[in-house]
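# what shape does this take:
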Amino acid sequence: MEVIIKPIITEKMTAMGEKLNRYGFIVAKAANKIEIKNAIEKMYGVSVANVNTNNYIGKIKSRNTKAGVVSGLAGRNKKAIVSLKAGETIDFYSNI
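Numbering: from 1, shown residues only. This is a model prediction of the structure:
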């Protein structure tokens with residue numbers, strides 16, 4: 001099972017990384033905090049202090065078509081906010 005799907009790179013998460021040393025990731029729905037911590041430490045070579053997770057449900061979407069109103073859900077995901085120990089950082093742009 002792939003634990004880490006992708007990092008969250010937005011203005012808000014970049015500011016949080018610079019100020020609070022916290023980074024966000026989209027992770028597998030079945031992943032727990034221990035698996036996330038071990039995957040981050042292995043992938044980036046850093047020490048993780050704390051992991052917080054959030055399950056996001058998909059937004060309800062609907063549109064009008066010839067057949068009538070079609071409704072459904074947008075994608076669901078699980079986000080993990082990872083706090084690193086003091087003095088450690090993750091550089092997402094080093095591979096570019």
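# what residue ranges in this structure score low on pLDDT?
Scanning the chain for pLDDT under 70 picks out 95-96.
# which stretches of it form strands?
For the chain, applying DSSP state E gives strands covering 4-7, 22-27, 48-56, 60-65, 68-73, 77-84.
# chain center to the first one, what's the gap?
Read it as strand 4-7. 6 Å (Cα atoms, centre = their mean, to the nearest Å).
# returning to that earlier point: can you list the strands of the chain in CSV and add mean neighbour count and distance to Lys37?
The way it works is simple: take the backbone N, C-alpha and C, and place the C-beta from them, glycine included. Output for the strands of the chain, formatted as CSV (neighbours: other Cβ atoms under 10 Å; distance: least, Cβ to Cβ, whole Å):
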stretch, mean neighbour count, distance to Lys37
strand 4-7, 15, 11
strand 22-27, 21, 11
strand 48-56, 14, 5
strand 60-65, 8, 33
strand 68-73, 9, 30
strand 77-84, 19, 8
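# nearest residue to the middle of this protein?
Nearest to the centroid of the C-alpha atoms of the chain, with distances taken as Cα atoms, centre = their mean, sits Phe25, at 2.2 Å.
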